[in-house]
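Mind looking at a prediction? Sequence and model below.
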Amino acid sequence: MIEDQNPGAGDSLNLNRRNAIKAFSFASLAMSAASIPAFAAREEPAAPKKTSYTIYNNVAGMKQDGSLKEGTLARVLGYYTPGDGGGAEYMIVKQEPELQTGHIEVGGGLSARLFNVSSVNYKMFGAVGDGQNDDGVQMKAAHAYANRMNIPVINQHGDFWIKETVGIEILTSVQWGHTAFHIDEKFNTRTLNRFLVLPHEEPLTLEFDGAAKASLLNQLKPGVTIIPELAPYKNFLIVVTDNEDRIGVRSGAVYGGRSTKAREEFFFVEEHGRILGDLAWGFKDYTKIMAYPGSNSYLIIEGGTFYFSGESINAGGGGYVNIGFRVTRSRTVIRNQWVGLEKGKADVAMAPRSGFYSFSYVYDVLLENVTLIPWEKDRPGTDKDVPNGTYGIGGNYALNATFRNVTAEGSPVHWGVFGTNLFKNFRVEQCMLNRIDVHFYCWNLYIKDSKVGTNGITVTGGGDLFVENTICRSNSFISFRRDFGAKWDGDIRIRNCRHAPTGRGETYLLSMAADDIDYKYPVGYGPTVKIEDMVVDFNTVPDSKGTSWLMRMSTFSQAAYGGRVFFPSHVEFRNIVVEGREQGMRLLNIPDPQNYLLAKTGSYDGVQVKSNCKIILEDIQLESLNEDDPQSAGHVHLVLKKAQGAAYKDDHALYPEIIVSRCNGFAAHIGGSIAEITVDHCKVVRFTGAETGTLPGSLTFTNCKFEALVNDIGKPFYLLAAELGTSFINCLVLAPRVGTKARPDLLDRIGFLQLNKAVYYNHINTRLGNDILNHYKARGVRIAPAFIAMLKAHHELEPVVI
């Protein structure tokens with residue numbers, strides 16, 4: 001039975017039975033939020049044996065009713081006015097010494113406690129939404145109650161203004177739908193984000209006795225997948241730190257090698273100590289091991305629109321300001337959100353932002369269906385520039401993070417939206433971003449079906465680096481961060497992608513150039529590199545004349561301090577075409593191969609090359625080179641430049657097998673380096689095996705055309721002598737070109753044959769071009785049968801002179 005406990009008092013309603021039932025139904029609709037079963041049992045007072053309700057228009061009316069008694073139920077039809085969304089049920093209880101969230105003091109030593117609640121919204125806690133009130137206060141209270149009762153926050157619509165409030169703690173799922181939040185950035189702080197997505201449990205500091213520690217250290221190394229000592233910490237993210245072992249020296253004018261990082265590793269523990277997340281480092285010791293709870297359910301934050309005012313707190317004092325979400329709870333999903341500036345507002349902030357989304361110490365997180373803006377940094381002039389990088393997405397120590405259908409693009413004024421460190425098993429899918437960046441230690445990065453803007457893909461780290469069906473509009477398709485050593489210690493696979501340079505300088509598919517300093521870890525180019533089916537698209541800068549390289553390497557293979565650069569055992573580039581300009585690609589410039597460090601062993605003993613690296617360059621649209629010095633090392637496609645007389649370090653130096661196929665207009669300078677080289681179906685315009693003496697290795701040319709392009713007729717056009725033999729199979733010799741003019745009369749300068757005089761090296765079915773034949777025919781010069789026979793089949797052990 002519904003009773004009127006105090007007819008006519010305050011804003012209560014005088015109801016007969018039928019009207020009371022109607023009011024009850026209306027109040028239920030006014031709640032608006034759909035009921036969802038509670039996540040866990042909640043502590044609530046037991047309902048009185050006799051159910052009685054007093055129904056009020058608003059909270060003020062309930063508070064004014066002096067006849068309330070302990071144990072009765074009250075219902076308000078709105079917090080301020082009926083139907084404003086703040087309707088709720090309360091039980092009247094004795095007031096506790098400290099009023100808890102979800103209680104409203106009603107006088108007489110009593111309080112009204114929220115009752116029969118399966119979800120909450122912000123209006124239930126007094127949010128106004130008028131642009132003047134700091135609704136963040138009431139939002140914080142709503143989440144505090146939801147966290148304590150373990151129920152979701154469901155607020156599907158409305159506009160709310162967050163001013164000075166920070167540190168809104170979220171421990172349960174949220175449905176924001178079309179709710180809009182207006183954030184006043186004058187009150188951003190350097191201490192707390194606006195929202196903190198937290199786990200229920202605190203992290204643990206792990207301690208081990210001597211024997212257990214020794215065993216653990218022995219197992220903390222690459223390749224280990226089970227660590228029994230960690231079995232008790234199933235469902236925890238483990239972070240191992242050795243502050244005494246400093247790595248990752250940061251180069252550059254700003255840091256000057258003064259910035260370093262502790263050696264750290266992080267991974268997730270499953271049953272029986274099975275670990276998820278490849279181990280990249282080994283440890284001699286550690287100073288701390290932390291275990292962060294993995295959570296046993298998914299927290300989902302869905303919906304919401306976020307408008308920023310664009311101002312900044314005083315930039316004095318330095319440091320980043322916090323503006324959005326800091327997520328430290330594993331198994332968190334954030335989806336269906338829009339982030340931008342208030343209408344009519346501009347980004348005039350002078351303090352750098354740490355990221356609207358920041359993920360730290362988490363496992364298995366998803367950011368999906370989100371649009372946000374990168375922030376302005378390099379504005380016209382310099383007086384309004386932000387002093388540091390300013391980010392939309394940040395974080396560190398994230399394992400198994402996925403960003404799907406995330407959009408954040410801008411102009412050259414905007415800084416790269418990403419600013420992260422220590423991300424592992426990171427997936428970017430169907431995104432449109434002005435940058436994808438992991439400053440330090442990314443391990444296993446997968447990018448698919450995405451578009452990346454002018455700030456590019458910038459990473460260092462290792463593991464898998466797989467990119468597929470992706471466009472990058474930057475001068476480097478992937479730029480490995482020079483300030484952290486430009487290293488990648490894992491396999492690189494790029495397939496079916498488009499590189500769209502936007503500048504007019506040099507461009508690279510891979511830029512892996514480090515500074516010549518000691519980064520306190522090895523640097524290099526990964527065990528394998530494979531790029532295929534790539535379009536280099538200059539349509540936005542068709543007048544660009546900058547040289548375009550497959551891969552940019554450091555200018556050294558051994559650093560000044562003695563560390564050797566590691567080099568892949570397999571390098572493969574296939575099907576690279578250029579659009580938007582005539583000028584094609586150059587290939588590789590490999591300095592001092594004798595100093596590199598490869599995982600496999602190789603050798604050269606004067607009998608054979610035992611290769612420890614295969615380099616395949618196939619179907620690549622090459623840059624058409626102009627005439628140059630025949631032995632020039634600066635105007636060619638492929639360079640292996642060894643210092644004169646330099647000895648190979650050991651059997652882990654670079655001993656390559658190089659295969660160049662269907663690359664027309666090919667020019668190379670091998671510089672006397674040890675190599676086994678095959679050139680197939682190419683037009684060869686210049687080739688220097690060794691400037692003096694012979695190439696230590698072998699040269700094989702199959703189905704090639706030789707058309708020298710030179711500007712100096714005083715030198716041999718080709719230097720092809722090789723200790724293990726030089727062979728020509730089904731090759732065609734065309735008239736050399738000096739300047740723009742064909743010079744068949746200079747045939748004898750090509751270096752491997754002289755008309756009717758000599759044939760050098762090994763030949764099967766070598767032919768002279770019609771331009772040469774016609775030239776000598778017109779001059780009455782007959783091709784000698786003996787010379788023809790040698791072109792048809794000649795062995796290097798046979799006499800070379802006719």
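It's in.

Count the residues that sit near Asp537.
Number of residues near Asp537 (other Cβ atoms under 10 Å) recorded here: 18. Quick note: C-beta positions are derived from backbone N, CA and C, even for glycine.

do Arg190 as well
Neighbours of Arg190 (other Cβ under 10 Å): 13.

Correct me if wrong: it contacts Ser312.
No - contact between Arg190 and Ser312 fails when scored by Cβ atoms under 8 Å: they sit 11.4 Å apart.

which residues are in contact with both of these two?
Val321 (Cβ atoms under 8 Å, 6 or more residues apart in numbering).

contacting residues around Ile300?
Counted by Cβ under 8 Å, 6+ apart, Ile300 has contacts Ser173, Val174, Thr332, Val333, Arg335.

before we move on, what about Leu773?
Ile783.

On the three-state scheme, it is what?
helix (DSSP: H, G, I helix; E, B strand; the rest coil).

What's the separation between it and Phe752?
18 Å (Cβ to Cβ, to the nearest Å).

on that earlier part again, out of the contacts of Ile300, which is most surrounded?
Thr332 leads the contacts of Ile300 on contacts (other Cβ under 10 Å) with 25 neighbours.

wait, doesn't that residue sit right on Val197?
Yes - assessed by Cβ under 8 Å, Thr332 is found in contact with Val197 at 5.6 Å.

For these two, list the residues in contact with both.
Each of Leu299, Ile301 lies in contact with both Thr332 and Val197 under the rule Cβ under 8 Å, 6+ apart.

buried set for stretch 503-510?
Applying a neighbour-count criterion of 16 or more other Cβ atoms under 10 Å, one finds Glu506, Thr507, Tyr508, Leu509, Leu510 buried in stretch 503-510.

what residues are up against the last one?
Same thing as Leu510. Ser476, Phe477, Ile478, Phe480, Ile492, Val529, Ile531, Leu550, Met551, Arg552.

what's in contact with stretch 132-142?
Contacts of stretch 132-142 (Cβ under 8 Å, 6+ apart): 101, 120-122, 124-129, 153, 155, 160-169, 194.

For Ala214, grab phi and psi.
The phi/psi pair for Ala214 (degrees, to the nearest 10) reads phi -60, psi -40.

per-residue confidence for it?
You'll see Ala214 listed with a pLDDT of 96.

So which bits of stretch 291-299 are buried?
So stretch 291-299, judged by 16+ other Cβ under 10 Å, has buried residues Ala291, Tyr292, Pro293, Gly294, Ser295, Leu299.

Just name the closest of these to Ile183, please.
Nearest to Ile183, judged by Cβ to Cβ, of the buried residues of stretch 291-299 is Leu299 at 21.6 Å.

which non-adjacent residue is nearest the closest one?
Nearest-residue entry for Leu299: Thr332, 5.0 Å, with adjacent residues in sequence omitted and distances by Cβ to Cβ, 6 or more residues apart in numbering.

Report the contact partners of the one you found.
Going by Cβ under 8 Å, 6+ apart, Thr332 touches Val197, Tyr298, Leu299, Ile300, Ile301, Phe359, Val362, Val365, Leu366.

Which strand residues bridge the first one?
With beta bridges defined as DSSP bridges, Val197 has these partners: Ile170, Val327.

is it true that it touches Ile168?
No - contact criterion Cβ under 8 Å: Val197 and Ile168 do not qualify, at 9.7 Å.

Give me the more crowded residue out of the two.
For Val197 versus Ile168, neighbours defined as other Cβ under 10 Å are more numerous around Val197 (24 against 21).

and the more buried one, how far is that from Tyr655?
For Val197 relative to Tyr655 (Cβ to Cβ), the value is 53 Å.

can you check Lys642 too?
Counting by Cβ to Cβ, the gap from Lys642 to Tyr655 is 12 Å.

tally of neighbours for the residue nearest to Lys487 when sequence neighbours are not counted?
Computed as Cβ to Cβ, 6+ apart, the closest residue to Lys487 that is not its neighbour in sequence is Val523, at 4.2 Å. When neighbours are counted by other Cβ under 10 Å, Val523 registers 24.

Please apply the same query to the one 5 residues further on.
Counted with other Cβ under 10 Å, the neighbours of Thr528 add up to 16.

Skipping adjacent residues, who's closest to it in space?
His570 (4.3 Å).

Pro228: what's it in contact with?
Counting by Cβ under 8 Å, 6+ apart, Pro228 makes contact with His272, Gly273.

What is the least confident helix or strand in the protein?
helix 17-31 (a mean of 36; mean pLDDT, DSSP states H and E).

Report all helices and strands that whatever helix or strand comes next after that helix contacts.
Later in the chain than helix 17-31, the nearest helix or strand by DSSP states H and E is strand 53-56. Taking 3 or more Cβ pairs under 8 Å, 6 or more residues apart in numbering; DSSP states H and E as contact, the helices and strands that strand 53-56 lies on are helix 17-31, strand 73-76.
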